[in-house]
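In: pasting the structure only:
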């Protein structure tokens, strides 16, 4: 058994779900393992990770609108050092994931047919985001 | 150190929390490890995983009603290809978990006394769901 | 490759986010690994884990108020065996995390500059909580 690690930088254009499946699967393929466990960790508290529907753009728009509605921009937050999109970003990150682990079986990540891995940017402006990846296996 | 992987098929009767603790612990026991890490991954975006109270059925009913209330069926979603329970299913999955990892110590999963592992079905009709399991340890 | 496991007991003073980053990183440092994967698992259904902003106390207060608002104490729950803070505790735990995994690269956990690991206590009274830790690596 062995392990590989790396850090991926992702430039986001601002608010919304940005697919990173291809970048992650390409790195996993390069490690040449058949069975194992991939972990993806996002090093931020105002962006997060989500595995969701990869076929219907409308589903992604509904997801973005839903999180904007249940954790809205508002004047009621105490913490607004970086503007009105600061605190809602932390809330939307708290409701989704900082980390995802995906088994590798038979040389492929076990993502279902309709599953894609998304970086969920919660700030309005473009950001450089870092993902730490860990792959264990053989 | 070694690893084992498998895929479990689970037939759900429709909406709600369906316990899978026994099926998972039985497979883990079969691998004969004492210390390690189990990962459970659900290969779908309209069903999810949750560790919750295993003693009180009323707590599970409250959980089901709560997610039905904060991510309701509604005519407002843009994505409704598969009916009114389609988009709320993705939202409820996004709010819960696609993956769970549980340490194995002293030959037992470290689940607390009141913790059970549940497959949370978010579609109204029965579905066949797949769980990918990865166990690492010795 | 090797693994270490332990259980940490954490006494919480009641409701809110309690930082456990230092206790976790101290245990990881004691294991003397350079590359690996840490998993933290909370053995309860009325407390949870969250990685969040470690610099601004106001952000933590906003987070606490937000979860109190979207999963409020209410007379409408069927399950109230242990009082009005019982069922909201399960809901807030369901919306956050029972488990977190963090890669270890170059001898350090890959937590971002502003990320802290928090035990999120959802019951009003002080509680003794147990975290199971698993570290794999070399």
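Out: Nice, thanks for sending it over. Computed from a predicted structure; not experimentally measured.

In: Can you give the distance of the longest helix anywhere in chain A from its chain's centre?
Out: Criterion DSSP state H: the longest helix present in chain A is helix A:57-70. Relative to its parent chain, helix A:57-70 has a centroid offset of 15 Å by CA atoms, centre = their mean, to the nearest Å.

In: who in chain A is up against chain B?
Out: Contact residues, chain A versus chain B (CB under 8 Å from any CB of the partner chain): A:1, A:35-37, A:50-53, A:56, A:58-59, A:61-63, A:66, A:70, A:95-97, A:100-105, A:110-112, A:114-115, A:136-138. C-betas here are computed from N, CA, C, even on glycine.

In: What about chain C: which of those residues touch it?
Out: Within those, those near chain C by CB under 8 Å from any CB are A:1, A:70, A:95, A:97, A:101, A:136.

In: Next, the closest residue to the fifth one other than its chain neighbours: secondary structure please.
Out: Going back to what we said before, that points to residue A:101. Excluding the flanking residues, the one nearest residue A:101 by CB to CB, 6 or more residues apart in numbering or on different chains is residue A:39, at 4.6 Å. Secondary structure, DSSP: H, G, I helix; E, B strand; the rest coil: residue A:39 is strand.

In: which SSE is the most centrally placed residue in chain A in?
Out: Note on chain A: the residue nearest the mean C-alpha position is residue A:49, at 2.4 Å, using CA atoms, centre = their mean. Assigned by DSSP states H and E, residue A:49 belongs to strand A:47-53.

In: about what we covered before: now for the residue nearest to residue A:101, how many residues are close by?
Out: Close neighbours of residue A:39, defined as other CB atoms under 10 Å in any protein chain shown, add up to 23.

In: SS state for residue A:29?
Out: helix.

In: For it, give its distance to chain B.
Out: Residue A:29 sits 18 Å away from chain B, going by CB to the nearest CB, to the nearest Å.

In: same check, this time on residue A:77
Out: 20 Å.

In: which parts of stretch A:124-135 are buried?
Out: A:127, A:129, A:131-135 (16 or more other CB atoms under 10 Å in any protein chain shown).

In: An error on my part: the question was meant for stretch A:56-63.
Out: A:56, A:59-60, A:62-63.

In: Relative to residue C:22, which of the buried residues of stretch A:124-135 is nearest.
Out: Nearest to residue C:22 out of those is residue A:132 (CB to CB; 20.2 Å).

In: In which helix or strand does residue A:3 reside?
Out: Residue-wise, residue A:3 maps onto strand A:2-12 under DSSP H and E.

In: counting contacts, what elements does that strand pack onto?
Out: helix A:21-30, strand A:115-121, strand A:127-137, strand C:99-105 (3 or more CB pairs under 8 Å, 6 or more residues apart in numbering or on different chains; DSSP states H and E).

In: Residue B:82: which of these is closest?
Out: Per CB to CB, nearest to residue B:82 of the helices and strands packed on strand A:2-12: strand A:115-121, 16.0 Å.

In: Give me the mean pLDDT for the closest one.
Out: What strand A:115-121 shows for mean pLDDT is 98.

In: Pull up the pairing partners for that strand, direction included.
Out: Paired with strand A:115-121 in the same sheet, following DSSP bridges, are strand A:16-19 (antiparallel), strand A:47-53 (antiparallel).

In: Check which residues of the shortest one are buried.
Out: To tie it back to what came earlier, the one meant is strand A:16-19. For strand A:16-19, by 16+ other CB under 10 Å, it's A:16-18.

In: which one of those is nearest residue C:78?
Out: residue A:17 (35.1 Å).

In: Quick check: the nearest residue to the closest one once chain neighbours are set aside vs residue B:132, distance?
Out: Distances taken as CB to CB, 6+ apart place residue A:118 nearest to residue A:17, at 4.3 Å, with adjacent residues excluded. Look at residue A:118 and residue B:132: by CB to CB, to the nearest Å, they are 19 Å apart.

In: And residue A:92, by the same measure?
Out: Distance of residue A:92 to residue B:132, given as CB to CB: 27 Å.

In: From the chain's centre, how far out is stretch A:76-83? Work that out for me.
Out: Worked out by CA atoms, centre = their mean, stretch A:76-83 lies 24 Å from the chain centre.

In: Okay, and the nearest residue to residue A:67 once chain neighbours are set aside sits in which element?
Out: Closest residue to residue A:67 apart from its sequence neighbours, by CB to CB, 6+ apart: residue A:92 at 4.8 Å. When elements are assigned from DSSP H and E, residue A:92 belongs to helix A:86-95.

In: counting contacts, what elements does that helix pack onto?
Out: strand A:47-53, helix A:57-70, strand C:47-53, helix C:57-70.

In: List the contacts of the residue nearest to residue A:17.
Out: A:17-20, A:49-52, A:60 (CB atoms under 8 Å, 6 or more residues apart in numbering or on different chains).

In: Any chance of these in TSV with pLDDT as columns?
Out: Output for those, formatted as TSV (pLDDT from 0 to 100):
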residue	pLDDT
A:17	98
A:18	98
A:19	98
A:20	98
A:49	98
A:50	98
A:51	98
A:52	96
A:60	97
